[in-house]
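# take a look and give me a structure for this.
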Amino acid sequence: MTSFPKINGGIMQGLIIENISNLYKIEAEDKQIYEATARGKFKKNEISPVVGDNVEIEVLDKRNKKAVIEKIMPRKVYIKRPKVANITQIILVVSSKDPKPDLIMLDKQLAFAEFLGVEAVIVLNKTDLDNKKQFEKIKEIYEKIGYKVIKTEAKNNVGIDTLKEQLKNNINAFSGNSGRPNVGKSTLINAIFNDNMTEEGEISKKNKRGKNTTTSIKLYKIDENTYIADTPGFSTFDISEIKSKELDKHYKEFLEYIKKCEFIGCTHIKEENCGIKNAIEKEQISKERYDRFCKIYNELKEKEEYKKW
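Below is the predicted model:
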């Protein structure tokens, strides 16, 4: 660990906003940004600080903004890949057209957000390109479930103010649908920062290296208590943390009907007298979303069977 001369030392709390190799940038309670290393005890205890962690630091050199991380506060949320903590809201960006929306991936992302206990918001971007208004059906399905759905046209600055309002007082992670380029995630983020062009607002230049090749995680501050997490790889997170038999519990609209199933542990796939299937027949649950649930369930089940071998 690099040793700094101890000048004006003191203990403060702060938020890790960036991690590059073994160095961390921390926004401390005195509103200053400190460069810090972590105590060796963390490695010994097999835990490492990550972006989003609330930490306690000892200031070693106040003038040159050098510090050391002494303590990691308890995490409310921890995502293993990419490694980030304490996200409070996930913004799921879905292109209405070019590329066409991947609703299986969207449902995986929503299930994972429910698994984490994090608020999820769906942003339907490029609605101006969807002449057949297919996005209206998508919006109707997910709003009926209880999700917030925001329509945007990033290039035309439509819906950006509504999105900005939704971001307030949250640490927000943006996820593009299926990790594809051109869903408009970067354009949306750039539009959000247009009116807040601080140093952090240079996200577009730092974030856009060819096709989705950002390699480090960073929190960009919009205003007080509001951040956007630049999280490469977040679009392709692994939902295998969710067990197939627990998947139904992460579908909001299923919850009131699960208890109406005749069999305990009903998978809602082949069983008779299934509360979920009965709800579909009564059009209380979307048949299309149920079909995607079955595909995701079988995918998780296959992975679990494979791990047994």
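
# next, count neighbours for Glu283.
Counted with other C-beta atoms under 10 Å, residues neighbouring Glu283 total 8. In this view, the C-beta of every residue, glycine as well, is placed from N, C-alpha and C.

# mind listing the strands for the stretch 1-150 of the chain?
10-20, 23-28, 33-38, 54-61, 66-72, 78-79, 84-85, 89-95, 119-125, 148-151 (DSSP state E, counting those that start in this stretch).

# nearest to Gly265, of the ones you listed?
strand 119-125 (26.7 Å; C-beta to C-beta).

# what angle separates that closest one from strand 89-95?
For strand 119-125 against strand 89-95, the angle by axes from the mean of the first three to the mean of the last three C-alpha atoms, to 10 degrees is 20 degrees.

# quick one: list the elements packing against strand 119-125.
strand 89-95, helix 103-116, helix 134-145, strand 148-151, helix 185-193 (3 or more C-beta pairs under 8 Å, 6 or more residues apart in numbering; DSSP states H and E).

# now that strand: average pLDDT?
Strand 119-125 shows a mean pLDDT of 94.

# okay, the angle between it and helix 103-116?
Using the same axes, to 10 degrees: strand 119-125 against helix 103-116 is 160 degrees.

# near Phe115, how many other residues are there?
Neighbours around Phe115, by other C-beta under 10 Å: 16.

# then Lys43?
Neighbourhood size, Lys43 [other C-beta under 10 Å]: 11.

# repeat for Ile296
Ile296: 19 neighbours (other C-beta under 10 Å).

# got the contact list for it?
If you count contacts by C-beta atoms under 8 Å, 6 or more residues apart in numbering, Ile296 has them with 104, 107-108, 111, 239, 247.

# can you give me the distance of it to Gln109?
Per C-beta to C-beta, to the nearest Å, Ile296 is found 11 Å from Gln109.

# quickly list what's touching both of those two.
Common neighbours of Ile296 and Gln109 (C-beta under 8 Å, 6+ apart) do not exist.

# which one of the strands of the stretch 1-150 of the chain lies closest to Lys260?
Using C-beta to C-beta, the nearest of the strands of the stretch 1-150 of the chain to Lys260 is strand 119-125, at 25.5 Å.

# list the contacts of the closest residue to Lys155 other than its chain neighbours.
Among residues not flanking Lys155 along the chain, Thr187 sits closest, at 6.2 Å (C-beta to C-beta, 6 or more residues apart in numbering). Contact analysis of Thr187 by C-beta under 8 Å, 6+ apart lists 125, 154-155.

# got a markdown table for those, with neighbour count and distance to Leu219 too?
Below are the contacts of Thr187 laid out as a markdown table (neighbours: other C-beta atoms under 10 Å; distance: C-beta to C-beta, whole Å):
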| residue | neighbour count | distance to Leu219 |
| --- | --- | --- |
| Asn125 | 29 | 22 |
| Ala154 | 24 | 21 |
| Lys155 | 14 | 26 |
